[in-house]
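Undergrad: Coordinates for the following, if possible.
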Amino acid sequence: MNQTTVNDPLVIALFSEIAATEQLARTRLSRALPPGMELSHFIVLNHFARLRGEKTPAQLARIFHLTKGAMTNTLSKLERAGYVHIRPDWDDARRKLVSISPAGLAAREAAVSAISPVFEDMMRKLGPEKIRAALPFLRELREHLGDGLD
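TA: You can find the predicted model right below:
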């Protein structure tokens, strides 16, 4: 990469917008979530609610690009709240398997209800056409940035 590319105002502006957007989105969603639920909790519960099944803590850490310690901390809080079940892997006693509980599904639904005004406001102000048009670029950018992280 040459010096011109590194200092290109277009690339710098893109990453500045991404960083600011990410921070604002996290702040808006965190404020809207039910008391006691953190954004990291919702993200894990939402993953399980969509895909069901079981995952190891290591698999979840890879999926969310977190350290195993950070994922273990989140899972411990979710387990204490009764939102996930963590059990030994009967085939490999060194591993654990995580799944969402009925209480976790209910908590996820409550969180979706709590944050839906944020999404409705965004849809109303931006419109589905702009959002739909932005998604291919955002997906491609995410995939590019994720290359080599796994």
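Undergrad: could you point out the longest strand in the protein?
TA: With secondary structure taken from DSSP state E, the chain has its longest strand at strand 92-100.
Undergrad: mind listing what's buried in that strand?
TA: Judged by neighbour count (16 or more other Cβ atoms under 10 Å), strand 92-100 contains these buried residues: 96, 97, 98, 100. (C-beta placed from N, C-alpha, C; glycine too.)
Undergrad: what helices or strands is the helix or strand hosting residue 14 leaning on?
TA: Applying DSSP states H and E as the criterion places residue 14 in helix 9-32. Based on contacts counted as 3 or more Cβ pairs under 8 Å, 6 or more residues apart in numbering; DSSP states H and E, the elements that helix 9-32 packs against are helix 39-51, helix 102-126.
Undergrad: Show the contacting residues for the residue nearest to residue 57 when sequence neighbours are not counted.
TA: Closest residue to residue 57 in three dimensions, ignoring its sequence neighbours and counting by Cβ to Cβ, 6 or more residues apart in numbering: residue 71, at 5.3 Å. For residue 71, the contact set (Cβ atoms under 8 Å, 6 or more residues apart in numbering) comprises 57, 58, 60, 61, 64.
Undergrad: nearest to residue 35, of those residues?
TA: The shortest separation between residue 35 and any of the contacts of residue 71 is 23.1 Å, and it belongs to residue 64 (by Cβ to Cβ).
Undergrad: The closest one against residue 42, yeah?
TA: No. The pair residue 64 and residue 42 does not pass the contact test of Cβ atoms under 8 Å, sitting 12.0 Å apart.
Undergrad: So those two - more neighbours on which side?
TA: For residue 64 against residue 42, the residue with the higher neighbour count under other Cβ atoms under 10 Å is residue 42, and the figures read 23 against 14.
Undergrad: Spatially, what comes nearest to residue 117 if we skip its sequence neighbours?
TA: Among residues not flanking residue 117 along the chain, residue 32 sits closest, at 6.9 Å (Cβ to Cβ, 6+ apart).
Undergrad: Spatially central residue in this protein, please.
TA: Centrality entry for the chain: nearest residue to the mean C-alpha point is residue 43, 4.2 Å, by Cα atoms, centre = their mean.
Undergrad: how near is residue 80 to residue 74?
TA: When distance is defined by Cβ to Cβ, to the nearest Å, residue 80 is 11 Å away from residue 74.
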